[in-house]
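Q: No letters, just coordinates:
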């Protein structure tokens, strides 16, 4: 079965991961696509659950072998991407795929899959909110926060290219809006 694809993209700290986790818990036929990345595993992350952690050399080898449906070098030698085998795994189970990906990856997926994909952009109420959320994570350095905020300012310009834009200023409201968007898309 070739199912549908639901893409959630946002700058770091906007809340896309929380929204995607909520949706996976509410829609039994929707399964999370685990992305691959070349960075080190962070405390609390699990291989094959949060990401497929592969080194830079292996990532580049898989790019050369055309194993990714989309990939990006987000920062120097920090690659992220979606393995073709991951989408096939989920579709083979009869499920729809939901993604939690960066903005460029989300647009690449939407371009590739067209009407089979719903692309949703999640915005924080402001850049200041993003910065506060990144600080609260406790996983970021001052430098990485500055880098992510700089990237977020650029990413916000892409919001108009998505099928829907949600502003995450109330978790209940954004959960409801996301749920309605996904439910409507899956019924179409």
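A: Alright, I've got the coordinates. This is a predicted model, so every value here is computed, not measured.

Q: Within the helices and strands, which one has the nearest residue to residue 84 once chain neighbours are set aside?
A: Nearest non-adjacent residue to residue 84, counting by Cβ to Cβ, 6 or more residues apart in numbering: residue 69, 5.1 Å away. Quick note: C-beta positions are derived from backbone N, CA and C, even for glycine. Per DSSP states H and E, residue 69 falls inside strand 68-75.

Q: Need the contact partners of the next helix or strand after that strand.
A: As assigned by DSSP H and E, the chain's next helix or strand after strand 68-75 is strand 78-83. Applying Cβ atoms under 8 Å, 6 or more residues apart in numbering, the contact partners of strand 78-83 are 33, 35-39, 52, 56, 59-60, 62-63, 67-74, 99, 101-102, 105, 109.

Q: Buried ones from those residues, can you make that a PyMOL selection?
A: Command for PyMOL that selects the buried part of those, burial taken from 16 or more other Cβ atoms under 10 Å:
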select buried, resi 33+35+36+37+38+39+52+59+60+62+67+68+69+70+71+72+74+99+101+102+105+109
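
Q: so where do the helices sit in the chain?
A: Along the chain, counting by DSSP state H, helices occupy 16-26, 56-64, 84-92, 103-113, 127-137, 142-155, 171-187.

Q: Give the buried residues for stretch 103-112.
A: For stretch 103-112, burial by neighbour count (16+ other Cβ under 10 Å) applies to 103-110.

Q: Not counting sequence-adjacent ones, nearest residue to residue 40?
A: Nearest non-adjacent residue to residue 40, counting by Cβ to Cβ, 6+ apart: residue 53, 7.3 Å away.

Q: do residue 122 as well
A: Of all residues not flanking residue 122 in the chain, residue 10 sits nearest, at 3.7 Å (Cβ to Cβ, 6+ apart).
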